[in-house]
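Undergrad: no sequence on this one, just coordinates:
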């Protein structure tokens, strides 16, 4: 069937998004911080300062330890060139003074990934994270610490999908999460979201989500009908005798990046002007020693916001999955704001220690700790919960589908080998010339020679709108989709970036100039056989995850599962990745 204009617009939106110590300068340099600790001392942090903020984000429902390869391509241009988070490989090691061939090099980069993974093992796992959280809180003092979750917690695994996120709600309750905000949480039905929040023992905050006026008139629930806030905008906590304000900032582009039909009554946005007014109000009325923004904006957006909004001491950021070892100082009209981003998939735990003087932040120390499962014993209560919760689903999760003929990974601006598997599966099973798959940044890695299970496939694909489609698109429409996503990724203004990567393609290649003008970044589109894409010709295109109306096809995990069973062993003769121009010497590329 042909694609309608309405469906085309939805596809364009779908393709865009995945689906961030004192002396630190705005480019991430820190002369005082040392990252050369050994395995035995990695978690031995001194009791320093008055309060401790522990920060996790973007775990994507990964309750078990995982392999997760960091990107080899994370390009930054204009003001972002050569600065975190747009540093990869050796450039990242050099910037943050990390030793090559070390456990930290493995955690923060993709370098020699498979060999290093054999040495250092998997990272994350909620039972191991629980041990680390308890250790850091217990040593420092529970009454002086706060555990904050930046969101993307209830989505990303088969068990999260089947339990509608409730498995993660209970896991976070056991972990002791005090405050959270969200993004993929909003891809459940609004009633389910409210039910999960009710079961969550901490506080769910989102100052930038409003109930629409028509919905309020019709009786839709709101945290505050006068202001229109759908959720509590901020909370005040007293830690070690010091008042701390935490403001929640949910992903501002949720209704564009994900189906609005799940949350029809809510509107989103960055709303930095309203943040400024809120910060000023909190400073005036609450007299806090510190104001913290728990953000799911993405790091580039947070860096810009920090330069525009005064009065925020710390931004604990997420969404773009950037594991940045040090806090970035950003100057603004009334001082500075520390911006952090704590990676993804449960790999890291951020530790921000603050020292106060005269009722305000006087100094700080920050560490982003990799959660090496081999160094941390699993906490027994959390481990039992995970084992018991997974037991009814094990047969499905452990279903063998094939063997990885090479490293399977996602995460990178343009393509990953697991993305290629998805695209190849769509083309083969749907008998299509071209395939499209969203540029999501979540999804764990599978090592060469390992069995690919249904759980591995669900880690890459498990969303609440997984249906596949086959449609006719013209070459011009395909180009417009690529141009739209490229502008989202490479727009010079961070506020016009939505934090994902390029749509993944199967069956065709193209040339990309990230520094080109909007609408003119894509050229030389051609099929795998070398035949140029004709802008006026129609092509049979397969894809999944439309954000508009529900597609008619089978869930993507069934399509990929069928393909893997047919292939038995997956090899890669080619990755459909673009030829890049104007990227020479870019430190965001290995």
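TA: Cool, got the structure. For clarity, every value in this text was computed on a predicted model and none was experimentally measured.
Undergrad: show me what secondary structure element comes after the one helix or strand residue 303 maps to.
TA: Using DSSP states H and E, residue 303 maps to helix 299-308. Remark: after helix 299-308, the chain's next helix or strand is strand 314-317, criterion DSSP H and E.
Undergrad: circling back: list the contacts of the helix holding residue 303.
TA: Residues from elsewhere that reach helix 299-308 (Cβ atoms under 8 Å, 6 or more residues apart in numbering): 20, 80, 84-85, 252, 270, 272, 275-276, 293, 295, 297, 312, 315, 317, 319-320, 322, 324, 328, 330-332, 337, 339, 341, 493-495, 497, 499. Backbone N, C-alpha and C define where each C-beta goes, glycine included.
Undergrad: just those residues: which are in strands?
TA: Per DSSP state E, strands hold the following members of those: 293, 295, 315, 317, 328, 330, 331, 332, 337, 339, 341.
Undergrad: would you confirm that residue 282 contacts residue 289?
TA: No - counting by Cβ atoms under 8 Å, no contact exists between residue 282 and residue 289, whose distance comes to 11.6 Å.
Undergrad: can you pick out the residue with more neighbours from the two?
TA: For residue 282 versus residue 289, the count of surrounding residues by other Cβ atoms under 10 Å is larger for residue 289: 23 against 20.
Undergrad: please report how far that one lies from residue 241.
TA: Residue 289 sits 9 Å away from residue 241, going by Cβ to Cβ, to the nearest Å.
Undergrad: and if you look at residue 264?
TA: Going from residue 264 to residue 241 by Cβ to Cβ gives 44 Å.
Undergrad: do the same with residue 573
TA: Residue 573 sits 63 Å away from residue 241, going by Cβ to Cβ.
Undergrad: same check, this time on residue 425
TA: According to Cβ to Cβ, residue 425 stands 57 Å off from residue 241.
Undergrad: more neighbours: which of these two?
TA: Legend: neighbour count by other Cβ under 10 Å for residue 425 and residue 241, higher for residue 425 (29 against 11).
Undergrad: tell me the secondary structure for that one?
TA: Here residue 425 is recorded as helix under DSSP: H, G, I helix; E, B strand; the rest coil.
Undergrad: and it, what does it touch?
TA: Residues counted as contacts of residue 425 (Cβ under 8 Å, 6+ apart) are 559, 560, 562, 563, 564.
Undergrad: what is the burial count for the closest residue to residue 336 other than its chain neighbours?
TA: Among residues not flanking residue 336 along the chain, residue 329 sits closest, at 5.1 Å (Cβ to Cβ, 6 or more residues apart in numbering). The burial metric for residue 329, expressed as a neighbour count using other Cβ under 10 Å, is 21.
Undergrad: equivalent analysis for the one 3 residues further on, please.
TA: The local packing count at residue 332 equals 15, with neighbours defined by other Cβ under 10 Å.
Undergrad: check contacts around the closest residue to it other than its chain neighbours.
TA: In space, and not counting its chain neighbours, residue 332 is closest to residue 310: 4.8 Å by Cβ to Cβ, 6+ apart. Contacts for residue 310 were tallied using Cβ under 8 Å, 6+ apart; they are 276, 279, 332, 333, 334, 335.
Undergrad: the third one bridge partners, please.
TA: If I follow you right, that is residue 332. residue 335 (DSSP bridges).
Undergrad: ok, it - contacts?
TA: For residue 332, the contact set (Cβ under 8 Å, 6+ apart) comprises 306, 307, 308, 309, 310.
Undergrad: by neighbour count, which of those wins?
TA: Across these, the neighbour count under other Cβ under 10 Å reaches its highest value at residue 306, namely 26 neighbours.
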